[in-house]
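A.B. asks: everything below, folded, please.
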Amino acid sequence: MLAAAALVAALAPPAHAAVQGEVYVALGDSAASGPLVPNQVVPDLGCWRSDHNYAHLTAQAIGARTFRDVTCSGAKTKDMYESQGTDLGSVAPQLNALSQDTTLVTVQIGANDVGLTGFIEDCLNLLPPPVGDACNDDYIENGQDTWRLKTDALRPKLVTLAADIRARAPQARIFLVGYATYAPPNGCYPRVPIIRADANYIRATLMYFNRMLAEQAAAAGLRFIDLQTPSVGHDPCAAPGVRWIEPYVPAAPAAPFHPNALGMRNFATVVTAAVTAAVTAAVTAAVTAV
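C.D. replies: A predicted model of the protein is given here:
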């Protein structure tokens, strides 16, 4: 048995070589597509998709054999299944990009289902209290946090989505990608004009949202990639050249409160490491099983 194991170990391809054979499909919304990050690619210009988003950079890093990026700004979970309308025309359902030979899938979705963009826009406050008005109490109805209710309502949709991805791509390793840090404790008013209470509310609700994503990934048998932890200290309050997420008035090419090129490079490092680790574990398990 030892001789057989040694032979398999000698013949098994190293992890990086195994990754190079991947057929990689990237699904997701604007956090994945990279609106305004150079260079925006055709077709589907209405999706505001960058050729330097983390999916493109990950595909290059692992030497993917085939790569299909169908991430699209504004996407919701329903746009996995239905054509999505954009300012420049409609695009096909994202799940159409999957096939029986797909071996790697990343999906970052859900923020638009719960209204994250509108939520952050509502919290813009050019004047502090008592002149300016806090936004966090706008999301409390009958003593319940509506943002969290919407987050919890997304749970079964993600489990269903995971099953549908797996049905279309039965060979694939599937990674559910979380969202970055958008506010440090207490914020940084007035540099980013979100008052302290609202910054803490945004931070808490996004942490809850990412925790939900991690829980649903586990429930569905997916791998979860945490972008919140590595992006601490690189939020919109950080200085240009340090931050990975741009504030209301970007200093680097990116949409407000979306990743810039530096952020995408760092997210690609995280995603590439997760993908490579999964392949390494699979190769090791195969050798050990002999």
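A.B. asks: would you check that residue 194 makes contact with residue 125?
C.D. replies: Yes: the pair residue 194 and residue 125 passes the contact test of Cβ atoms under 8 Å, sitting 6.3 Å apart. Backbone N, C-alpha and C define where each C-beta goes, glycine included.
A.B. asks: which of the two has more neighbours?
C.D. replies: Comparing residue 194 with residue 125 by other Cβ atoms under 10 Å, the one with more neighbours is residue 194, at 27 against 18.
A.B. asks: secondary structure of that one: a strand, I assume?
C.D. replies: No: read with DSSP: H, G, I helix; E, B strand; the rest coil, residue 194 is coil and lies in no strand.
A.B. asks: mind checking the backbone torsions on it?
C.D. replies: Note on residue 194: its backbone torsions stand at phi -120, psi 120 [degrees, to the nearest 10].
A.B. asks: low-confidence ranges in this structure?
C.D. replies: 1-19, 286, 289-290 (pLDDT under 70).
A.B. asks: and the residue lying closest to residue 102 once chain neighbours are set aside, how far from residue 106?
C.D. replies: Leaving aside its sequence neighbours, residue 102 sits nearest to residue 169 (Cβ to Cβ, 6 or more residues apart in numbering; 3.7 Å). Applying Cβ to Cβ, to the nearest Å, the value for residue 169 to residue 106 is 12 Å.
A.B. asks: those two: which is more packed in?
C.D. replies: In terms of neighbours (other Cβ under 10 Å), residue 106 is the more surrounded of residue 169 and residue 106; the figures are 26 against 22.
A.B. asks: from what I can see residue 180 touches residue 227, true?
C.D. replies: Yes: with contacts counted by Cβ under 8 Å, residue 180 reaches residue 227, the gap being 4.8 Å.
A.B. asks: helices along the stretch 101-250 of the chain, start to end?
C.D. replies: Applying DSSP state H, counting those that start in this stretch to the stretch 101-250 of the chain gives helices spanning 116-122, 146-153, 155-168, 196-220.
A.B. asks: any idea how far residue 76 is from residue 172?
C.D. replies: 22 Å.
A.B. asks: cool, residue 45 as well?
C.D. replies: Applying Cβ to Cβ, the value for residue 45 to residue 76 is 20 Å.
A.B. asks: so those two - more neighbours on which side?
C.D. replies: Legend: neighbour count by other Cβ under 10 Å for residue 45 and residue 76, higher for residue 76 (18 against 13).
A.B. asks: what does that one show for phi and psi?
C.D. replies: phi -120, psi 170.
A.B. asks: with residue 63 instead?
C.D. replies: In terms of degrees, to the nearest 10, the main-chain angles of residue 63 are phi 60, psi 40.
A.B. asks: which residues are in contact with residue 214?
C.D. replies: Residues near residue 214 by Cβ atoms under 8 Å, 6 or more residues apart in numbering: 178, 224, 226.
A.B. asks: for those, which entry has the maximal number of neighbours?
C.D. replies: Comparing the contacts of residue 214 by number of neighbours (other Cβ under 10 Å), residue 178 comes first, having 22 neighbours.
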